[in-house]
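Asks: Sequence and predicted model, in that order:
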Amino acid sequence: MNYNILYLCLVFSILFSGCSYKVSERTINITNSNKMDLPFPSASLEKTLAERRSASNSINLHKVLNDFYGEWKGVKYRYGGNSKNGIDCSAFIQKAYRDKLNIKIPRTTLLQSKIGKQINKSQLELGDLVFFRTGKNSRHVGIYMENGNFMHASTSKGVIISKLNNIYFNKHYWKAQRIIY
């Protein structure tokens, strides 16, 4: 067991619980064991997520996702890319979940759109995946960040935070999936 991680989680929990501004209280439970493999799509997702919820230590999802964004902000888009030399939208999402949340998800947008639980746009919470149909056979994905914002790897601007109610994204919105319960 890595006590340094537990200690840091405890310190961050104490620091952020006493802030005077509103910070999301949504947390995700993680373990110090191997990374979680989400089933695609046949295994029992609810059972896997229930096991995840019962893990011993929690992290502040708001901080984790904002830190991840800070590490990748401005990285250019590259179709098929998966590094800071260029990354596409689905690789960006996959890295966020794997590197920061210890959750393995599929590599492609289409497969990512099939995992978790589909939710209504009005039910969006921090960490939910938002999907867009950007062409006849093309899809785009981002991570919802609250207050109508989502982070993604934009084809024109690289890794950025955009508004869901932007004319383009509002027109092309497809669906949302909840992976973190």
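Replies: Noted; the coordinates are in hand. Just so we're clear, the structure is a prediction, and the values are computed from it rather than from any experiment. Numbers count the residues shown, from 1 in each chain.
Asks: hang on, Asn165 packs against Gly148?
Replies: Yes: with contact defined as Cβ atoms under 8 Å, Asn165 and Gly148 form a contacting pair (5.7 Å). Just so you know, the C-beta spots here come from the backbone N, C-alpha and C atoms, and that holds for glycine as well.
Asks: Of those two, give the one with the bigger neighbour count.
Replies: Neighbours were counted for Asn165 and for Gly148 using other Cβ atoms under 10 Å; Gly148 has more, 13 against 10.
Asks: What pLDDT is listed against the more buried one?
Replies: With respect to pLDDT, Gly148 scores 97.
Asks: Number of residues surrounding Arg98?
Replies: 14.
Asks: Not counting sequence-adjacent ones, nearest residue to it?
Replies: Lys104 (5.6 Å; Cβ to Cβ, 6 or more residues apart in numbering).
Asks: and if you look at Gly86?
Replies: Arg78 (2.6 Å).
Asks: For the one you found, grab the count of nearby residues.
Replies: So Arg78, with other Cβ under 10 Å, has 16 neighbours.
Asks: Within its sheet, name the partner strands of the strand ranked longest in the chain and how each one runs.
Replies: Determined from DSSP state E, the single longest strand within the chain is strand 139-146. Its sheet considered, strand 139-146 pairs with strand 129-133 (antiparallel), strand 149-154 (antiparallel) by DSSP bridges.
Asks: would you list those in TSV and tack on mean neighbour count and distance to Arg98?
Replies: TSV is the format used below for those (neighbours: other Cβ atoms under 10 Å; distance: least, Cβ to Cβ, whole Å):
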stretch	mean neighbour count	distance to Arg98
strand 129-133	22	14
strand 149-154	22	15
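Asks: That concludes my questions; thank you for your assistance.
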